[in-house]
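A.B. asks: need a structure here:
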Amino acid sequence: MLRMLLVVLFASFLALSREEITFSDPTVAVGTWVEVFGLDQNNLSDYLNVQETPSLSGKENHHLYNDYVAYIDEGPVETEGYRWWHLANLGWAVDNWLRVTYEEKIPKEPQGRILFTQYGENSYYTFLNIINADGTNKENLMVFPNQFCGLDPYTWSPDGKEIAFVDCGGTEDNPNYQINKLNIETKEIVTLASTPGPSSGPSWSPDGNSIAFYSEIYLATEEKIESIIYVLDLKTSGIIQVTDIDSSDPDWSPDSKSLVFNSGIGTSGDLFVANIEERNTNKIFSSEVTFDPLCCAGPIVQPSWSPVGDKIAFTCADTRSTILYLEEHKLRICTINADGSEINKLTSEQENFRSLPYCTGEYYSEPTQCYQPHNRFSDWSPDGKQVVFNGITEFTANRRGDLNGNFDIFIINSDGTNFRPLTEGIYPKWQPTTVMQVPTVTPPTPTAIPPTPTQEIRFVGKEPTPILLVHGCGGSAYDWEETGWVSGLSLIETYTDLLPFTEIYLYQAEVSIFADSAVFSLDYSNSGASLEETAQIIPRSLDSIKSVTAAEKVIIISHSMGAILTRYYLEDFLEEKYSERSDISVFLMLAPPNNGSFWVNMGLEKVIDLLKLQCPQAGSLNSEDLEPLNSKELSTSVSTYRIAAGNQCWFIFIGFNDCVVTTKDAKIDGIPFTQYSAVHSDLLPLALEQAVFPELTPILEHEQTKKIVLQIYEEVVK
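C.D. replies: So this is what the prediction gives:
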């Protein structure tokens, strides 16, 4: 009841605090095609959110940019001061940035064409074909006398007029490995370059300047063969080596600056991103930390970066094995955010695999030997809304193909809906098209409400007593908005130079519970770096806040792991020394794991793995790793310290404690400590807690938390 009351009060507060909104285009209606407009084209953080439900607090489905075209099939719904329309296959969006589009911008069927391969029955002939995405107008482009070299053997040019493919020519004694180019109109084939060894997986960069691929290289000193990724510069014909570890399946980011690839497909399988200009590599995901009911537990291969830039599709096995394509494996298509978060299973074994005769024992003595589903070789539609992929539907000896399988091609929406078969074949590649415009790249960004038309730095508050809110593990800047501390967050600063492949965001609130202060909310949710490395954002964001407000000191209110990041700065573990700056006046810690988290200290690996999916730093939240931090004294230049924590947990043996951070974990000697009937957050194991006690309230939502914080705030300000 309290939770529902808070939601209603907060929604009323939002509605009362907003000015009357003038809707953009009165002709927008069900049955019209609309386009997104009015956003800052040069600011990738300025986008229109599409929600799962017509609500600011609903699940976010997509980010849309100027000129994106969509069809309205439901609405309007007026709520929370906005008017919402449902965009077909996308979700709900407010209409402030929607207008009826022109006839020539409306996409026509079919939505592009798909290249694929078929093998001749009882022969080695390879048929390179193309088909409309709706299954019509199938035609043959070229017949090759041999099978293509390697897996996933070709790639489209960005303009959709040419195909680059790998070739293993020559003889056994004198092989000739190369990359060729085929013009689909003239059928002319041109050799682009020779490769260091048998090659696979070419990927043509969206800017048209480079082709990435991987080659099998024999390492004489180690007496083994490894796959190494290279990039061919089409302007100079030079080839550079990108990786020095066993790696494969490169695919370009939409801005042509980075490659996603997999490595270690034996018993683990990881996804990496390599920045080609800066020559650095960052692991974004590992199957070693996944387990049911998530997408995969075994090797990860064949990543494909969405043209929109926000997601990566890939193939993943359901079990660990040193051999990826064993018959007992189930291979699924999964998606993950480009920052390595939020893995989702896109395909399932029930969708595209019928019962086969040999599964009943007709061909095998044991039914357990029945061949398992294989979904592979995914590729995105140009607008990022659909994924095309392969599935094996039969296991027969009279079909050419990998594992002698009879491959079919399927299409599915990027949200896992509207699965449908397309044709028989292998290696589907969606032809690039300009029917719909998409941004060059979308950086991983936190969940956000629909943006204001202009996002400018502004000072809100009567006095320069700024406040910085620092979220915890698995959270974002919007934790504070969703729990009623602030509303109307606007992005004012993006930090791109602190951590590799990571953007950190600083937002400013239009309205907050602190009447006399400018309030800022930090978002480091993209960081995969260590606690100490991530903590660099604390002094950097303080500099930004002091610049905006002309204040000398800032109040910091942290939740959970946010306190640890602040302490790394406060206790002089960083290059920027707090002792030389003294720019924190008050430090309030809500459910801080000062001595580690209960679950991490217990060494419960399954729980730790799940926590690490929320934030990679969670594995370091133990008393041993935090001992250097706790061996130092807190600075006396901070006028006020305070710790508050919950005392509710459904695990009886934990006693009156927060399930994630116990009283012992949170306390620091000499700092006032308050405990009351709250739980940690919506991080593990709140779902379990609320299943037993639905009335439990996370500490950020709890009215007692705001009461304590406001009391301290008023004392400090006055």
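
A.B. asks: Now do the helices in the stretch 501-650 of the chain.
C.D. replies: Ranges of helices in the stretch 501-650 of the chain, per DSSP state H, counting those that start in this stretch, are 531-534, 537-549, 561-570, 598-602, 605-614, 627-630.

A.B. asks: And the stretch 1-150 of the chain, by the same measure?
C.D. replies: Going by DSSP H, counting those that start in this stretch, the stretch 1-150 of the chain shows helices at 2-17.

A.B. asks: show me where pLDDT drops low in it?
C.D. replies: Across the stretch 1-150 of the chain, the ranges flagged by pLDDT under 70 are 1-24, 41-46, 61-63, 65, 89, 107-110, 120-124.

A.B. asks: circling back: of all the helices of the stretch 501-650 of the chain, which one is nearest residue 76?
C.D. replies: Smallest distance to residue 76 across the helices of the stretch 501-650 of the chain (CB to CB): 35.7 Å, for helix 605-614. (Each C-beta comes from the backbone N, C-alpha and C, glycine too.)

A.B. asks: after the helix or strand hosting residue 282, next one along is what?
C.D. replies: Per DSSP states H and E: residue 282 is located in strand 280-286. Note on strand 280-286: by DSSP H and E, the next helix or strand toward the C-terminus is strand 300-305.

A.B. asks: ok, how many other residues are close to residue 575?
C.D. replies: Residue 575 is flanked by 7 other residues according to other CB atoms under 10 Å.

A.B. asks: Now it: closest residue in space that isn't a chain neighbour?
C.D. replies: residue 536 (7.7 Å; CB to CB, 6 or more residues apart in numbering).

A.B. asks: ok, the one you found - contacts?
C.D. replies: 498-499, 574-576 (CB atoms under 8 Å, 6 or more residues apart in numbering).

A.B. asks: ok, it to residue 522 distance?
C.D. replies: Using CB to CB, to the nearest Å, one gets 12 Å for the distance from residue 536 to residue 522.

A.B. asks: quick one: pLDDT of the residue in the chain sticking out farthest from the centre?
C.D. replies: Distance from the C-alpha centroid of the chain peaks at residue 173, with 46.0 Å (CA atoms, centre = their mean). Listed pLDDT for residue 173 reads 70.

A.B. asks: Let's verify it: helix, strand, or coil?
C.D. replies: coil (DSSP: H, G, I helix; E, B strand; the rest coil).

A.B. asks: what's the distance between it and residue 669?
C.D. replies: Taking CB to CB, one finds residue 173 at 76 Å from residue 669.

A.B. asks: Next: residue 308.
C.D. replies: Counting by CB to CB, the gap from residue 308 to residue 669 is 51 Å.

A.B. asks: shouldn't residue 545 be in contact with residue 555?
C.D. replies: No - using CB atoms under 8 Å, residue 545 makes no contact with residue 555, being 10.1 Å away.

A.B. asks: tell me, what's touching those two both at once?
C.D. replies: Counting by CB under 8 Å, 6+ apart, the shared contacts of residue 545 and residue 555 are 466, 468.

A.B. asks: what's the residue lying closest to residue 407 once chain neighbours are set aside in contact with, if anything?
C.D. replies: Distance criterion CB to CB, 6+ apart; nearest residue to residue 407, sequence neighbours excluded, is residue 426 at 4.2 Å. Neighbour list for residue 426: 116-119, 377, 390, 401-402, 407, 409 [criterion: CB under 8 Å, 6+ apart].

A.B. asks: nearest to residue 87, of these?
C.D. replies: Checking the contacts of residue 426 against residue 87 with CB to CB, the nearest one is residue 409 at 27.0 Å.

A.B. asks: Next, the contact list for that closest one, please.
C.D. replies: Residue 409 neighbours (CB under 8 Å, 6+ apart): 114, 116, 388-391, 421-426, 428.
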